[in-house]
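Engineer: Pasted the sequence and its predicted model underneath.
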Amino acid sequence: MTIVDTLKRLGRSTVFWCVLCLVGFEVLALAVQPIKFIRTTRYVPIEANPLASKLPAFLRSNAKPDVVVLGSSLPMEAIAHLDTQLAGEPGESLDSVRSYTRARYLEDSIAKLSGRKVSVANLTCVACMASDALFILQRTIAANKTPKIVIYGIAPRDFIDNLAAPVGKSPACQALSPWKTLSDVLAEGADLPNIVDFCLGSLSSIYRTKTDYKKMLTGALCDASGHPADLYEYVQLDRLREHESEAANVGQTAAKAKATQEAAPEKASAKETTTAPPAQIAQKTTTAPPGKDEAKKQALPVKMARETTTAPPAQIAQNTTTAPPAQIAQNTTTAPPGKDQATSVSKSPRVSTSQAALSA
């Protein structure tokens with residue numbers, strides 16, 4: 001059988017074309033790494049995860065730190081915040097915080113307390129479980145980088161998290177899988193499915209990151225259909241809807257209160273005009289300023305009263321006493337007495353006699 005016959009036979013083989021497609025796709029995936037271009041809030045793909053560059057780069061370097069810091073995002077954020085205040089890096093960028101491997105503030109603090117200059121490696125990672133911290137420390141020791149001190153920032157979530165990947169499937173384990181050997185898997189007492197999974201993952205990067213592709217496709221379908229991908233996302237969306245409805249209710253209540261406040265003065269003025277008693281309305285209507293003729297009528301009595309009261313008492317007395325007594329007597333005696341007057345004159349002596357007797 002010649003080489004041409006062999007090639008023709010392979011060309012007609014379905015298995016050959018399947019293997020060739022898988023190899024070509026594997027080479028393309030390694031060259032392009034398409035998942036690192038995906039931006040999603042559901043998960044962090046291993047190709048885009050800073051762990052893929054942070055931990056492997058540390059293990060490949062010649063650095064041998066005195067202190068290693070392990071833990072989740074809790075110590076990671078604390079280190080990044082203090083170093084940003086001290087030296088201006090890593091800054092506020094999320095990717096730079098996750099890929100940051102220094103701890104300058106901690107180095108200065110330890111140097112001040114101990115009097116010795118030390119080097120610190122920040123090997124914290126997002127969602128680090130206790131098993132991940134142990135695996136990172138084991139890989140560090142295996143790479144001949146055994147630290148003198150290990151600082152582990154720990155929290156209850158590091159032991160129990162129903163959203164975390166199983167042991168050995170986390171981003172840290174996937175990022176450091178090239179440093180994991182078959183003997184390590186056997187030493188852990190792994191069963192046959194895990195051994196097969198490790199071997200296939202060592203041969204194919206696509207198989208090793210199959211969880212990322214699965215989540216990517218699941219998320220795309222959930223977005224297209226409008227359904228949550230898991231129970232956690234359903235709870236978060238339900239809480240978001242509750243907050244939005246509460247905010248809408250608060251906005252409606254505020255709008256109603258504002259409208260009520262604006263309408264209150266108008267209602268009060270309308271109520272005053274409609275509920276005023278007839279006497280008050282008549283009083284309001286008569287309080288209008290008087291006309292010209294009316295003003296003259298009102299001013300006349302005032303003028304007369306002013307003229308009667310403005311005369312001084314001396315003048316009034318002078319007017320009453322100007323007539324002489326003789327004239328007054330003459331005026332009173334000139335008229336002849338009448339019958340009644342004579343009667344009253346004749347009776348006057350009796351009155352005087354009786355008054356004299358009373359006085360005696």
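Structural biologist: Good, I have the coordinates. On a predicted model such as this, the values are computed, not experimentally measured, just so you know.

Engineer: Any chance you could give me stretch 208-218 in PDB, C-alpha atoms only?
Structural biologist: Taking Å, rounded to 0.1, in the frame of the first residue of the first chain, the C-alpha atoms of stretch 208-218 are listed here in PDB:
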ATOM      1  CA  ARG A 208      -9.700  22.100  30.900                       C
ATOM      2  CA  THR A 209     -11.800  25.200  30.400                       C
ATOM      3  CA  LYS A 210     -15.000  23.400  29.400                       C
ATOM      4  CA  THR A 211     -16.800  24.800  32.500                       C
ATOM      5  CA  ASP A 212     -16.200  28.400  31.200                       C
ATOM      6  CA  TYR A 213     -17.600  27.500  27.800                       C
ATOM      7  CA  LYS A 214     -20.600  25.900  29.400                       C
ATOM      8  CA  LYS A 215     -21.300  28.900  31.600                       C
ATOM      9  CA  MET A 216     -20.900  31.200  28.600                       C
ATOM     10  CA  LEU A 217     -23.400  29.300  26.500                       C
ATOM     11  CA  THR A 218     -25.800  29.000  29.400                       C
END
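
Engineer: For Ala255, see how far away Ala264 is.
Structural biologist: Separation of Ala264 from Ala255 (CB to CB, to the nearest Å): 15 Å. The way it works is simple: take the backbone N, C-alpha and C, and place the C-beta from them, glycine included.

Engineer: How many neighbouring residues does Ser114 have?
Structural biologist: 9 (other CB atoms under 10 Å).

Engineer: tell me the pLDDT at it?
Structural biologist: Predicted confidence (pLDDT) for Ser114: 90.

Engineer: Is it correct that Ala263 falls within a strand?
Structural biologist: No. Judged by DSSP: H, G, I helix; E, B strand; the rest coil, Ala263 forms no part of a strand; its state is helix.

Engineer: can you tell me how far it sits from Thr140?
Structural biologist: Ala263 is 72 Å from Thr140, by CB to CB.

Engineer: who has more neighbours, the two?
Structural biologist: Thr140 (24 against 10).

Engineer: so who does the more buried one touch?
Structural biologist: Phe58, Leu59, Val68, Leu123, Thr146, Pro147 (CB atoms under 8 Å, 6 or more residues apart in numbering).

Engineer: same check, this time on Lys117
Structural biologist: Glu107, Ala111.

Engineer: Kindly recompute the last result at 7 Å.
Structural biologist: With contacts defined as CB atoms under 7 Å, 6 or more residues apart in numbering, Lys117 is in contact with Ala111.

Engineer: Let me see the ranges of the strands in the chain.
Structural biologist: Listed in chain order, the strands of the chain (DSSP state E) span 67-71, 120-122, 149-153.

Engineer: Could you export these as CSV, including distance to Ser96?
Structural biologist: Listed next are those as CSV, based on distance: least, CB to CB, whole Å:
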stretch, distance to Ser96
strand 67-71, 17
strand 120-122, 12
strand 149-153, 19
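
Engineer: Nearest to Ser170, out of those strands?
Structural biologist: Closest approach to Ser170 among the strands of the chain is made by strand 67-71 (13.6 Å; CB to CB).

Engineer: got a pLDDT number for the residue nearest to Phe135 when sequence neighbours are not counted?
Structural biologist: Using CB to CB, 6 or more residues apart in numbering and skipping the chain neighbours, the partner closest in space to Phe135 is Cys173 (5.8 Å). Confidence at Cys173, expressed as pLDDT, is 79.

Engineer: Cys173: neighbouring residues, count only.
Structural biologist: 21.

Engineer: how far away is it from Ala133?
Structural biologist: 11 Å.

Engineer: ok now do the closest residue to Arg157 other than its chain neighbours, which residues does it touch?
Structural biologist: Leaving aside its sequence neighbours, Arg157 sits nearest to Ser72 (CB to CB, 6+ apart; 7.2 Å). Ser72 makes contacts with Thr124, Val126, Ala127, Cys128, Ala155, Asp158, as judged by CB under 7 Å, 6+ apart.

Engineer: now swap in Val69 and tell me
Structural biologist: Pro75, Ile79, Ala103, Val120, Asn122, Leu123, Thr124, Ile151.

Engineer: which non-adjacent residue is nearest it?
Structural biologist: Once flanking residues are discounted, Val69 sits nearest to Ile151: 4.7 Å by CB to CB, 6+ apart.

Engineer: Can you select the buried ones from the contacts of Ser72 in ChimeraX?
Structural biologist: Entered in ChimeraX, the line below selects the buried ones among the contacts of Ser72, by 16 or more other CB atoms under 10 Å:
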select :124,126,127,128,158
